[in-house]
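K.L.:
Quick one: sequence plus predicted model below, questions after.
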Amino acid sequence: MQANDVNIAVHIGMGAGGLICGLWPLLSRKGGVVHRRSGRVFVVMAGMVLGTAILADIFLYVPIALIAVTLSASYQYISSLRSLALRNRYPSTVDAILAIVALIGCAWIVLSKGTGTASWTPAIAYSTAAYVACMALYDLSRPFWAAYWLRRVRPLDHGLKMTGCYFAMLSSGAGNLLKHAQPWSQVIPSSLGIMVMVVFLSSYFGRRMDIPVEV
C-alpha cells in the first residue's frame with residue numbers, strides 16, 4: 001500500500017469517526033462531562049483529518065476549492081482551541097500571527113486563479129476564502145475590545161469556530177462522496193452549519209443578557 005493510500009484511508013476513517021463523535025459535544029450541555037470528554041476525542045480525530053488533508057493539498061493535485069475548505073476547517077479548528085486555552089488571558093501576538101497567516105492564505109487562493117472541477121468550482125474557493133478572511137479580521141479586532149471579549153465572548157468563540165470546523169468537514173465529506181448530488185451535497189451541510197451557529201449565537205446571548213457587565 002502506497003503512502004497516499006494510507007493517507008486517504010486515515011483521512012476517510014478519521015473523518016467518518018469524527019463526524020459521528022462530533023455530534024456529542026455539538027448536542028450535549030456545553031461544559032458538561034459528556035461535552036468535554038467527547039470533545040477531546042473529536043479534537044484528536046479532527047486533527048488527524050486536517051493533517052492528512054494538508055498532506056494531500058501539498059503533495060497531490062487538488063482543486064483550489066478543496067484547499068480553501070482545508071484552510072477554513074484548519075483555521076477554525078486552531079482558533080477555537082486557542083480561544084479555549086486563553087481562559088483568563090487576552091488574545092496575544094500568537095493569535096494575531098495565526099489570523100495574518102490565514103489572510104495570506106485567503107489572498108493566495110484568490111490570486112492563484114487555481115482550476116476547479118465540476119464538483120469543486122472556483123466559486124466555492126472564493127466564497128470560502130471570503131468567509132475565512134472575515135473571521136481572521138474579526139480575530140485581529142479582538143485586542144481593541146479585549147476586556148469585553150474575555151468576559152462575554154471567549155466561550156462563544158470556541159463553540160462557534162469548532163461548530164464551523166465540524167460542518168466544514170461534513171460539507172467536504174458530503175461533497176466528495178455525493179458528487180452526483182452537487183452542489184446540494186455541499187450547500188445543504190454548509191447552510192445547516194450556519195443555521196446551527198445562529199441558533200447557538202442567539203441562545204448564548206439570550207442567556208447572557210441577564211448577567212450584568214462588570215465595569
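P.N.:
Cool, got the structure. Numbering: from 1, shown residues only.
K.L.:
When you work out contacts or count neighbours from here on, use the C-alpha atoms and nothing else.
P.N.:
Fine.
K.L.:
What ranges in the protein fall below the confidence cut-off?
P.N.:
Applying pLDDT under 70 to the chain picks out residues 1, 115-119, 208-215.
K.L.:
redo that, cut-off 80
P.N.:
Applying pLDDT under 80 to the chain picks out residues 1-3, 113-120, 179, 181-183, 205-215.
K.L.:
Just give me the longest helix of it.
P.N.:
For the chain, the helix with the greatest residue count under DSSP state H is helix 33-59.
K.L.:
Now do the buried residues in that helix.
P.N.:
For helix 33-59, burial by neighbour count (16 or more other Cα atoms under 10 Å) applies to 35-36, 38-39, 41-43, 45-54, 56-57.
K.L.:
need the next SSE after it, C-terminal direction.
P.N.:
Sequence order places helix 64-86 as the next helix or strand after helix 33-59, per DSSP states H and E.
K.L.:
Can you spell out which helices and strands pack onto that next one?
P.N.:
The helices and strands touching helix 64-86, judged by 3 or more Cα pairs under 8 Å, 6 or more residues apart in numbering; DSSP states H and E, are helix 33-59, helix 93-112, helix 122-141, helix 154-177.
K.L.:
Other residues contacting it?
P.N.:
Helix 64-86 is touched from outside by 50, 53-54, 57, 95, 98, 102, 105-106, 109, 114-116, 120-126, 128-129, 131-132, 154-155, 157-162, 164-166, 168-169, 172, with contacts defined as Cα atoms under 8 Å, 6 or more residues apart in numbering.
K.L.:
And the buried ones among those, selectable in PyMOL?
P.N.:
Buried members of these, identified by 16+ other Cα under 10 Å, are gathered into one PyMOL selection as follows:
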select buried, resi 50+53+54+57+95+98+102+105+106+109+114+116+120+121+122+124+125+126+128+129+132+154+155+157+158+159+160+161+162+164+165+166+168+169+172
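K.L.:
What residues of stretch 168-185 count as buried?
P.N.:
Along stretch 168-185, these residues count as buried under the neighbour rule (16+ other Cα under 10 Å): 168-176, 182-185.
K.L.:
can you dump the C-alpha coordinates of it into PDB?
P.N.:
Taking Å, rounded to 0.1, in the frame of the first residue of the first chain, the C-alpha atoms of stretch 168-185 are listed here in PDB:
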ATOM      1  CA  ALA A 168     -16.700  22.200   7.000                       C
ATOM      2  CA  MET A 169     -15.700  18.600   7.500                       C
ATOM      3  CA  LEU A 170     -19.300  17.500   6.800                       C
ATOM      4  CA  SER A 171     -19.600  19.600   3.700                       C
ATOM      5  CA  SER A 172     -16.200  18.400   2.300                       C
ATOM      6  CA  GLY A 173     -17.100  14.800   3.000                       C
ATOM      7  CA  ALA A 174     -20.600  15.000   1.500                       C
ATOM      8  CA  GLY A 175     -19.200  16.900  -1.500                       C
ATOM      9  CA  ASN A 176     -16.600  14.200  -2.200                       C
ATOM     10  CA  LEU A 177     -18.900  11.200  -1.500                       C
ATOM     11  CA  LEU A 178     -22.000  12.500  -3.200                       C
ATOM     12  CA  LYS A 179     -20.600  14.100  -6.300                       C
ATOM     13  CA  HIS A 180     -23.800  13.300  -8.300                       C
ATOM     14  CA  ALA A 181     -25.800  15.500  -5.800                       C
ATOM     15  CA  GLN A 182     -23.600  18.600  -6.300                       C
ATOM     16  CA  PRO A 183     -24.000  21.400  -5.500                       C
ATOM     17  CA  TRP A 184     -26.600  20.500  -2.900                       C
ATOM     18  CA  SER A 185     -24.400  17.900  -1.100                       C
END
